[in-house]
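In: one predicted model, sequence on top.
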Amino acid sequence: DAKTTQPPSMDCAEGRAANLPCNHSTISGNEYVYWYRQIHSQGPQYIIHGLKNNETNEMASLIITEDRKSSTLILPHATLRDTAVYYCIVRVGGTSYGKLTFGQGTILTVHP
Amino acid sequence: DSGVTQTPKHLITATGQRVTLRCSPRSGDLSVYWYQQSLDQGLQFLIQYYNGEERAKGNILERFSAQQFPDLHSELNLSSLELGDSALYFCASSPGQGASHNEQFFGPGTRLTVL
(Lines give C-alpha, C1' and ligand atoms only; values in the text may rest on other atoms or scores of the structure.)
Protein backbone atom coordinates (compact mmCIF):
# COMPACT_ATOMS: atom_id res chain seq x y z
CA ASP A 1 0.00 0.00 0.00
CA ALA A 2 1.23 3.50 -0.85
CA LYS A 3 2.57 5.70 1.90
CA THR A 4 0.71 8.88 2.77
CA THR A 5 1.84 12.15 4.29
CA GLN A 6 -0.48 14.39 6.29
CA PRO A 7 0.13 17.50 8.39
CA PRO A 8 0.18 16.55 12.08
CA SER A 9 -2.41 19.12 13.10
CA MET A 10 -4.82 21.73 11.74
CA ASP A 11 -7.27 24.21 13.19
CA CYS A 12 -10.60 25.34 11.82
CA ALA A 13 -13.28 27.75 12.96
CA GLU A 14 -16.74 26.34 13.53
CA GLY A 15 -18.96 26.82 10.49
CA ARG A 16 -16.05 27.18 8.12
CA ALA A 17 -14.81 24.59 5.65
CA ALA A 18 -12.02 22.32 6.84
CA ASN A 19 -9.63 21.28 4.09
CA LEU A 20 -7.37 18.39 5.04
CA PRO A 21 -4.55 17.59 2.60
CA CYS A 22 -2.90 14.26 1.95
CA ASN A 23 0.08 13.45 -0.23
CA HIS A 24 0.35 9.98 -1.80
CA SER A 25 2.90 10.45 -4.56
CA THR A 26 3.62 6.71 -4.96
CA ILE A 27 0.00 5.69 -5.45
CA SER A 28 -0.60 2.92 -7.98
CA GLY A 29 -3.31 2.83 -10.60
CA ASN A 30 -5.46 0.32 -8.73
CA GLU A 31 -5.17 2.00 -5.32
CA TYR A 32 -8.03 3.93 -3.79
CA VAL A 33 -7.84 6.85 -1.37
CA TYR A 34 -9.82 6.26 1.82
CA TRP A 35 -10.48 8.66 4.66
CA TYR A 36 -11.36 7.62 8.18
CA ARG A 37 -11.58 9.63 11.37
CA GLN A 38 -11.28 8.77 15.03
CA ILE A 39 -13.02 10.84 17.66
CA HIS A 40 -11.31 10.63 21.04
CA SER A 41 -10.51 6.90 21.41
CA GLN A 42 -13.72 5.78 19.73
CA GLY A 43 -13.50 3.29 16.89
CA PRO A 44 -12.41 4.83 13.58
CA GLN A 45 -15.25 5.89 11.32
CA TYR A 46 -15.28 5.63 7.54
CA ILE A 47 -15.81 8.97 5.81
CA ILE A 48 -15.34 8.63 2.07
CA HIS A 49 -13.22 6.99 -0.59
CA GLY A 50 -12.32 7.60 -4.24
CA LEU A 51 -10.22 6.33 -7.11
CA LYS A 52 -9.73 9.29 -9.44
CA ASN A 53 -12.97 11.24 -9.64
CA ASN A 54 -14.04 13.72 -7.02
CA GLU A 55 -16.55 12.25 -4.60
CA THR A 56 -19.16 13.72 -2.27
CA ASN A 57 -21.37 12.20 0.36
CA GLU A 58 -23.37 13.47 3.30
CA MET A 59 -20.26 13.82 5.43
CA ALA A 60 -17.60 15.25 3.16
CA SER A 61 -16.12 15.81 -0.27
CA LEU A 62 -12.96 14.26 -1.62
CA ILE A 63 -10.93 16.07 -4.24
CA ILE A 64 -8.22 14.01 -5.96
CA THR A 65 -5.70 15.74 -8.22
CA GLU A 66 -5.51 14.69 -11.84
CA ASP A 67 -2.15 12.95 -11.34
CA ARG A 68 -3.62 11.28 -8.20
CA LYS A 69 -0.55 12.17 -6.18
CA SER A 70 -2.50 14.14 -3.62
CA SER A 71 -6.01 14.63 -2.34
CA THR A 72 -8.01 16.92 -0.06
CA LEU A 73 -10.82 15.99 2.27
CA ILE A 74 -13.30 18.83 2.67
CA LEU A 75 -15.71 19.13 5.57
CA PRO A 76 -17.91 21.91 4.22
CA HIS A 77 -19.25 23.33 7.49
CA ALA A 78 -17.12 22.07 10.37
CA THR A 79 -18.72 21.66 13.79
CA LEU A 80 -17.18 21.07 17.19
CA ARG A 81 -18.11 17.39 16.81
CA ASP A 82 -15.76 17.16 13.83
CA THR A 83 -12.77 17.54 16.15
CA ALA A 84 -10.93 14.25 15.59
CA VAL A 85 -7.89 12.57 14.10
CA TYR A 86 -8.32 12.20 10.34
CA TYR A 87 -6.53 9.38 8.55
CA CYS A 88 -5.80 9.28 4.84
CA ILE A 89 -5.20 5.69 3.69
CA VAL A 90 -4.27 4.45 0.25
CA ARG A 91 -4.89 0.82 -0.58
CA VAL A 92 -6.11 -1.54 -3.25
CA GLY A 93 -9.88 -1.65 -3.36
CA GLY A 94 -12.29 -4.47 -4.12
CA THR A 95 -10.33 -7.16 -2.34
CA SER A 96 -11.05 -9.33 0.64
CA TYR A 97 -7.53 -8.73 1.94
CA GLY A 98 -8.66 -5.51 3.46
CA LYS A 99 -6.24 -4.43 6.15
CA LEU A 100 -6.05 -0.70 6.69
CA THR A 101 -2.62 0.81 7.34
CA PHE A 102 -3.08 3.83 9.55
CA GLY A 103 -0.44 6.54 9.71
CA GLN A 104 -0.27 9.29 12.28
CA GLY A 105 -3.14 11.23 10.75
CA THR A 106 -4.07 14.89 11.15
CA ILE A 107 -5.48 16.14 14.42
CA LEU A 108 -8.24 18.56 13.42
CA THR A 109 -9.37 20.93 16.12
CA VAL A 110 -12.53 22.90 15.44
CA HIS A 111 -12.77 26.10 17.49
CA PRO A 112 -15.98 27.92 18.47
CA ASP B 1 -23.53 3.07 16.23
CA SER B 2 -21.56 1.03 13.69
CA GLY B 3 -23.39 -2.22 14.41
CA VAL B 4 -20.19 -3.90 15.59
CA THR B 5 -20.18 -4.87 19.26
CA GLN B 6 -17.20 -5.63 21.44
CA THR B 7 -17.03 -7.00 24.96
CA PRO B 8 -15.86 -6.22 27.50
CA LYS B 9 -15.46 -2.43 27.30
CA HIS B 10 -12.70 -2.43 29.89
CA LEU B 11 -10.42 -5.16 31.16
CA ILE B 12 -7.84 -4.89 33.91
CA THR B 13 -5.56 -7.81 34.53
CA ALA B 14 -2.08 -8.72 35.71
CA THR B 15 1.07 -9.63 33.86
CA GLY B 16 1.27 -13.26 32.85
CA GLN B 17 -2.49 -13.66 32.63
CA ARG B 18 -4.65 -14.61 29.65
CA VAL B 19 -7.71 -12.74 28.40
CA THR B 20 -10.28 -13.14 25.64
CA LEU B 21 -11.80 -10.24 23.76
CA ARG B 22 -15.02 -10.79 21.87
CA CYS B 23 -16.40 -9.18 18.73
CA SER B 24 -19.74 -9.49 16.97
CA PRO B 25 -19.67 -8.12 13.42
CA ARG B 26 -22.46 -6.27 11.67
CA SER B 27 -25.25 -8.50 10.46
CA GLY B 28 -24.22 -10.06 7.16
CA ASP B 29 -20.55 -9.04 7.29
CA LEU B 30 -18.22 -11.94 6.64
CA SER B 31 -14.86 -10.30 7.34
CA VAL B 32 -13.59 -9.44 10.79
CA TYR B 33 -10.42 -7.49 11.50
CA TRP B 34 -8.56 -6.89 14.73
CA TYR B 35 -6.49 -3.77 15.39
CA GLN B 36 -4.39 -2.67 18.34
CA GLN B 37 -3.95 0.98 19.29
CA SER B 38 -1.24 1.85 21.76
CA LEU B 39 0.20 5.25 22.56
CA ASP B 40 3.59 4.54 21.01
CA GLN B 41 2.57 2.39 18.00
CA GLY B 42 -0.66 3.99 16.85
CA LEU B 43 -3.36 1.91 15.16
CA GLN B 44 -1.93 -1.37 13.91
CA PHE B 45 -3.58 -4.20 12.02
CA LEU B 46 -3.33 -7.55 13.76
CA ILE B 47 -5.30 -10.15 11.84
CA GLN B 48 -8.25 -10.67 9.48
CA TYR B 49 -10.74 -13.52 9.21
CA TYR B 50 -13.14 -14.12 6.37
CA ASN B 51 -16.03 -16.53 6.87
CA GLY B 52 -14.13 -18.50 9.48
CA GLU B 53 -10.77 -18.63 7.76
CA GLU B 54 -7.68 -16.57 8.46
CA ARG B 55 -7.03 -14.25 5.51
CA ALA B 56 -4.28 -11.86 6.48
CA LYS B 57 -1.86 -11.39 9.32
CA GLY B 58 -0.21 -8.21 10.47
CA ASN B 59 2.02 -7.49 13.42
CA ILE B 60 0.39 -10.04 15.67
CA LEU B 61 2.54 -11.53 18.41
CA GLU B 62 2.81 -15.30 18.81
CA ARG B 63 1.24 -14.89 22.27
CA PHE B 64 -1.90 -13.62 20.55
CA SER B 65 -4.35 -15.74 18.60
CA ALA B 66 -7.77 -15.27 17.11
CA GLN B 67 -10.57 -17.24 15.59
CA GLN B 68 -13.88 -16.66 13.87
CA PHE B 69 -16.75 -18.96 14.72
CA PRO B 70 -19.53 -20.35 12.47
CA ASP B 71 -21.90 -17.62 13.68
CA LEU B 72 -19.19 -15.15 12.48
CA HIS B 73 -18.35 -13.69 15.86
CA SER B 74 -14.66 -13.52 16.61
CA GLU B 75 -12.45 -13.79 19.65
CA LEU B 76 -8.95 -12.45 20.20
CA ASN B 77 -6.97 -14.35 22.81
CA LEU B 78 -4.03 -12.65 24.48
CA SER B 79 -1.80 -14.75 26.71
CA SER B 80 1.28 -14.28 28.89
CA LEU B 81 0.31 -10.64 29.08
CA GLU B 82 2.98 -7.98 29.43
CA LEU B 83 2.75 -4.36 30.47
CA GLY B 84 3.26 -3.34 26.85
CA ASP B 85 0.09 -5.14 25.79
CA SER B 86 -1.94 -2.42 27.46
CA ALA B 87 -3.85 -0.82 24.60
CA LEU B 88 -7.18 -0.29 22.92
CA TYR B 89 -8.21 -3.29 20.84
CA PHE B 90 -10.64 -2.63 18.01
CA CYS B 91 -12.61 -5.05 15.96
CA ALA B 92 -13.94 -4.07 12.56
CA SER B 93 -16.13 -5.83 10.04
CA SER B 94 -16.84 -5.49 6.35
CA PRO B 95 -18.94 -7.33 3.79
CA GLY B 96 -15.82 -9.14 2.60
CA GLN B 97 -15.02 -10.73 -0.72
CA GLY B 98 -16.83 -9.31 -3.69
CA ALA B 99 -17.48 -5.92 -2.16
CA SER B 100 -16.79 -3.06 -4.53
CA HIS B 101 -14.66 -1.41 -1.91
CA ASN B 102 -13.61 -2.25 1.55
CA GLU B 103 -15.31 0.10 3.96
CA GLN B 104 -14.72 -1.19 7.47
CA PHE B 105 -17.06 -0.60 10.38
CA PHE B 106 -15.29 -0.39 13.72
CA GLY B 107 -16.56 -1.37 17.12
CA PRO B 108 -16.17 0.78 20.24
CA GLY B 109 -13.06 -1.10 21.34
CA THR B 110 -11.89 -2.92 24.45
CA ARG B 111 -9.47 -1.06 26.68
CA LEU B 112 -6.99 -3.52 28.17
CA THR B 113 -4.86 -2.50 31.12
CA VAL B 114 -2.13 -4.87 32.25
CA LEU B 115 -0.77 -4.12 35.72
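Out: On my side now, so go ahead.
In: now do the SS call for the one residue in chain A that gets nearest to chain B.
Out: Chain B sits closest to A:Gly43 of chain A, with a gap of 3.1 Å, by Cβ to the nearest Cβ. (Glycine included, C-beta is placed from N, CA and C.) For A:Gly43, the assignment made with DSSP: H, G, I helix; E, B strand; the rest coil gives coil.
In: burial measure for it, as a count.
Out: Using other Cβ atoms under 10 Å in any protein chain shown, A:Gly43 is surrounded by 22 other residues.
In: what of B:Gln41?
Out: 11.
In: just the one 10 residues further on next, same as before
Out: Look at B:Asn51: counted by other Cβ under 10 Å, it has 14 neighbours.
In: that one reaches B:Gly28, doesn't it?
Out: No: counting by Cβ atoms under 8 Å, B:Asn51 does not reach B:Gly28; the two are 11.6 Å apart.
In: sorry, back to before: residues contacting the residue of chain A closest to chain B?
Out: A:Gly43 is in contact with B:Ser2, B:Val4, B:Phe90, B:Ala92, B:Phe106, B:Gly107, B:Pro108, B:Gly109, counting by Cβ atoms under 8 Å, 6 or more residues apart in numbering or on different chains.
In: do you know how far the fifth one is from chain A?
Out: Here the criterion is Cβ to the nearest Cβ, to the nearest Å. By it, B:Phe106 lies 3 Å from chain A.
In: could you give the bridge partners of that residue?
Out: B:Ala92 (DSSP bridges).
In: where does chain B dip in pLDDT?
Out: By pLDDT under 70, the low-scoring segments of chain B are B:96-102.
In: how about a cut-off of 90?
Out: Counting by pLDDT under 90, chain B has low-confidence residues at B:1-2, B:28, B:39-42, B:50, B:55-56, B:59, B:94-103.
In: coming back round to it: return the distance of the residue nearest to the residue of chain A closest to chain B when sequence neighbours are not counted relative to B:Pro8.
Out: Distance criterion Cβ to Cβ, 6 or more residues apart in numbering or on different chains; nearest residue to A:Gly43, sequence neighbours excluded, is B:Phe106 at 3.1 Å. Distance, B:Phe106 to B:Pro8, using Cβ to Cβ, to the nearest Å: 17 Å.
In: neighbour count: those two, which is higher?
Out: B:Phe106 (23 against 13).
In: centre-most residue in chain A?
Out: For chain A, A:Trp35 is the residue whose C-alpha lies nearest the centre (Cα atoms, centre = their mean; 3.3 Å).
In: pLDDT on the strand or helix carrying A:Leu62, on average?
Out: Using DSSP states H and E, A:Leu62 sits within strand A:61-64. Strand A:61-64 shows a mean pLDDT of 98.
In: give me the low-pLDDT residue ranges for chain A?
Out: For chain A, the stretches flagged by pLDDT under 90 are A:1-3, A:29-32, A:41, A:53, A:91-101.
In: can you show me the strands along it?
Out: Assignment of strands within chain A using DSSP state E yields the ranges A:9-13, A:18-23, A:31-38, A:45-50, A:55-56, A:61-64, A:70-75, A:84-92, A:106-111.
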